[in-house]
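Chemist: test case, fold it:
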Amino acid sequence: MAIPTEPVGSIPRPRALVEGRQAFNAGRLSQQELDSLYNAAIRDTIQRFEATGSPVITDGEQSKPSFATYPIHGLEDLAPDGVMIPFADGHVRQLPRLTAGPFQYKTYAVEYLELAKRQAHVPVKQAVISASALSLLYPPGGIPGYSREAFVEDLLRENEADIRRCLQKGAHNVQIDFTEGRLAVKLDPTGQLLKSFIDLNNRVLDRFSEADRKSIGVHTCPGGDQDSTHSADVDYAELLPTLFQLKVGNFYIQLASEKDRASALRIIKEHAKANHQVFVGVIDPINPRVETPAEVRDRILEAAKYIPLAQLGTTDDCGFSPFGDDTSTARETAFEKIRARVAGTALAAKVLGV
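Modeler: Prediction:
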């Protein structure tokens, strides 16, 4: 396929796995039994992902507790009362709060990648959480004996390791999840918080070679959880120009569910550099209706008016289940939407003659 197409990441977990995790948390299921459910879900996800024809897949994040907290899940130096993220429908997700240093990951994304690659027959990409998202773990009041500066140095080291290990183990590419970008504008309309997030992530990216950064990308969306978002009301014009300052080669940009796609595409055209591959969202994971391949084709043809064909790719707006307990989207619906993305991208490539 001449137009590259990739997923963002997560796939809704099988009901058996969701219920198994609940049973494990309640002490009714052993770790061995839970691991068996994880392995079964990963095998099934990879088989069904490959059956869609997607040339690049993920493991569906089946064993991640969430896209954001996988590195710290199970750490002892955490309290539950961290930063709260409100969604438009009224529900809230809350990050933990770091209580002591030094900061170190408990789980690296390469562990998910290695397991997936052993079972996959096509390239596997790996999503990692951004340094800026994890920077929110450090409390505003500080931690006695552990300065914010010391925390940031530890965070940069760990985030670099998370990305580098995936590249070294043969990830097709590494995608940095940066859903807090648009939220930063909502929290601070001056743009200073967003700028600080970009600067922090670039401090990580500066540790990689130019060749490495061609295989690193960033994903942005207004959040997607339980069929709701946290920052879709923020004008893309307040995010996208700054987003393109990130020192990555690939940009995965939510667009299918955007109210004014043409405006967003004009901004992308103005700010994307010649060395950027821009994957536009052509599938809306929140909408339960499955897009037709023709609809996907038309969204791509619209994007092709603004983005050079050599730089154009397609993706989903967001993961289908970024949090492990989110069952708002049916598992089969996710795979049907992915099939539509793959088929629609092929149709567009034929029309465009590429």
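Chemist: tell me the spacing between Glu336 and Lys64.
Modeler: As for Glu336, its distance to Lys64 is 23 Å (criterion: CB to CB, to the nearest Å). (C-beta placed from N, C-alpha, C; glycine too.)
Chemist: higher neighbour count, the two?
Modeler: Lys64 (27 against 13; other CB atoms under 10 Å).
Chemist: got a list of what that one touches?
Modeler: Residues in contact with Lys64, defined by CB atoms under 8 Å, 6 or more residues apart in numbering, are 10, 70, 112, 324.
Chemist: ok, now with 6 Å
Modeler: Residues in contact with Lys64, defined by CB atoms under 6 Å, 6 or more residues apart in numbering, are Tyr70.
Chemist: just Leu183 next, same as before
Modeler: Leu183 is in contact with 230-231, counting by CB under 6 Å, 6+ apart.
Chemist: same thing but at 8 Å, please
Modeler: When contacts are counted by CB under 8 Å, 6+ apart, Leu183 touches 85, 222-223, 230-231, 234.
Chemist: and if you look at Gln119?
Modeler: Gln119 makes contacts with 42-43, 46, as judged by CB under 8 Å, 6+ apart.
Chemist: now, the residues you listed that are in helices?
Modeler: Among the contacts of Gln119, the residues falling in helices (DSSP state H) are 42-43, 46.
Chemist: so how many other residues sit close to the closest residue in space to Ala348 that isn't next to it in sequence?
Modeler: Nearest residue to Ala348 in three dimensions, chain neighbours excluded: Ile300, at 3.7 Å (CB to CB, 6 or more residues apart in numbering). Ile300: 25 surrounding residues under other CB under 10 Å.
Chemist: and the one 5 residues further on, by the same measure?
Modeler: Lys305 has 10 neighbouring residues, counting by other CB under 10 Å.
Chemist: same question for Gly60.
Modeler: The number of residues packed near Gly60 is 29, by other CB under 10 Å.
Chemist: measure it to Pro12 for me?
Modeler: Distance of Gly60 to Pro12, given as CB to CB: 8 Å.
Chemist: do you know the pLDDT at the residue nearest the centre of the chain?
Modeler: Centrality entry for the chain: nearest residue to the mean C-alpha point is Asp177, 3.8 Å, by CA atoms, centre = their mean. Per-residue confidence (pLDDT) for Asp177: 97.
Chemist: nearest to Leu167, of the contacts of Leu183?
Modeler: Closest approach to Leu167 among the contacts of Leu183 (CB to CB): Gly223, at 27.0 Å.
Chemist: separation between that closest one and Leu240?
Modeler: Using CB to CB, Gly223 is found at 16 Å from Leu240.
Chemist: same deal with Cys221?
Modeler: Cys221 is 12 Å from Leu240, by CB to CB.
Chemist: burial measure for Arg15, as a count.
Modeler: For Arg15, using other CB under 10 Å, the count is 10.
Chemist: next one: Asp35
Modeler: 13.
Chemist: residues in contact with whichever helix or strand Leu156 is part of?
Modeler: According to DSSP states H and E, Leu156 maps onto helix 148-168. For helix 148-168, contacts defined as CB under 8 Å, 6+ apart pick out 71, 98, 101-105, 108-110, 113, 126, 128-131, 134-135, 138, 142-143, 174, 176, 200, 203-204, 207-208, 212, 215-216.
Chemist: pairing partners for the helix or strand following that helix, with directions?
Modeler: Next helix or strand after helix 148-168 toward the C-terminus (DSSP H and E): strand 174-177. Strand 174-177 has its sheet partners listed here by DSSP bridges as strand 126-129 (parallel), strand 216-220 (parallel).
Chemist: now do strand 174-177: distance to the chain's middle.
Modeler: Centroid separation for strand 174-177 versus its chain: 6 Å, with CA atoms, centre = their mean, to the nearest Å.
Chemist: got it, and stretch 52-72?
Modeler: 9 Å.
Chemist: could I get the average pLDDT for it?
Modeler: Stretch 52-72 comes out at a mean pLDDT of 96.
Chemist: now do the same end-to-end measure for it.
Modeler: Distance between the two ends of stretch 52-72: 32 Å, counting by CA to CA, to the nearest Å.
Chemist: residues near Ala274, how many?
Modeler: 7.
Chemist: that one in helix, strand or coil?
Modeler: Look at Ala274: counting by DSSP: H, G, I helix; E, B strand; the rest coil, its state is coil.
Chemist: distance-wise, check it relative to Gln311.
Modeler: Taken as CB to CB, the span from Ala274 to Gln311 is 8 Å.
Chemist: tell me where the stretch 51-200 of the chain has helices.
Modeler: 110-119, 131-134, 148-168, 180-187, 192-205 (DSSP state H, counting those that start in this stretch).
Chemist: cool, thanks, talk later.
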